[in-house]
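Student: Generate coordinates for the sequence data below:
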Amino acid sequence: MKVFGVVGLPASGKGEFSKIAAELGIPVVVMGDVIRNAVKDAGLAPTDANLGATANRLRAEHGMDAIAILCVDLIKKQDAPLVLVRRDTRGCRGQGLPPVLSRASGWSLSRPRLRYVLERLRERKRSDDVGSAEGLKTRDEREKGWGLERALAMADVRINNDGTLEEFTKKVTGFVRALEQEP
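Tutor: Alright, predicted model coming up:
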């Protein structure tokens, strides 16, 4: 089994990347689901504050690799030659990844227009999304504090998501198909 990851800033298109990969038949493990499940198990609302606090707690209790370690069993359960791990904004941040996640293929976002990113956030309507430029900046800084910049720097591949959905889909499809062909 080959495991590859996708990482990026909030509203950068990780979900869309995952959707495209899934449509190509690639199983997707979402690291943030570990945190969302922990929030749900604690009986908390899935707000940005609760998700962030839970991620911080898990890291304090189990180390910076906590989310990645908790995903290993989910990855091993996949019966496929290629698995995508969506290293989302609350998931893995490149701090000493477990061996199963050591391949750091990924992509990053070019954010040419803040307004466009805020529109993406409003359209996806997640309970933990922020609705202002200041809120997005605060969230980005928190993510960077968790090592996001290091995870982005570890990526083997960068795909800028600064065009149309059709252009992004072609880029992602090409990347995934090439990865499938690697020995």
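Student: quick one, helices of the protein?
Tutor: For the chain, the helices defined by DSSP state H occupy 14-23, 31-41, 48-62, 66-76, 114-124, 133-145, 148-154, 165-181.
Student: can you tell me which of these the model trusts least?
Tutor: Here the helices of the chain differ in mean pLDDT, and the lowest is helix 114-124 at a mean of 54.
Student: Take the helices of the chain and lay them out in TSV including distance to L84 and mean neighbour count.
Tutor: Just so you know, the C-beta spots here come from the backbone N, C-alpha and C atoms, and that holds for glycine as well. Listed next are the helices of the chain as TSV, based on distance: least, CB to CB, whole Å; neighbours: other CB atoms under 10 Å:
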stretch	distance to L84	mean neighbour count
helix 14-23	5	19
helix 31-41	11	19
helix 48-62	20	16
helix 66-76	10	19
helix 114-124	19	13
helix 133-145	20	15
helix 148-154	15	18
helix 165-181	8	14
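Student: With respect to V7, which of those helices lies nearest?
Tutor: helix 148-154 (4.7 Å; CB to CB).
Student: elements contacting that closest one?
Tutor: strand 2-7 (3 or more CB pairs under 8 Å, 6 or more residues apart in numbering; DSSP states H and E).
Student: could the helices of the chain go into CSV alongside distance to L82?
Tutor: Shown next, in CSV, are the helices of the chain (distance: least, CB to CB, whole Å):
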stretch, distance to L82
helix 14-23, 9
helix 31-41, 17
helix 48-62, 27
helix 66-76, 11
helix 114-124, 26
helix 133-145, 26
helix 148-154, 19
helix 165-181, 6
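Student: Of those, which is nearest V83?
Tutor: helix 66-76 (5.8 Å).
Student: returning to what we had before: so which of the helices of the chain is nearest R86?
Tutor: helix 14-23 (4.9 Å).
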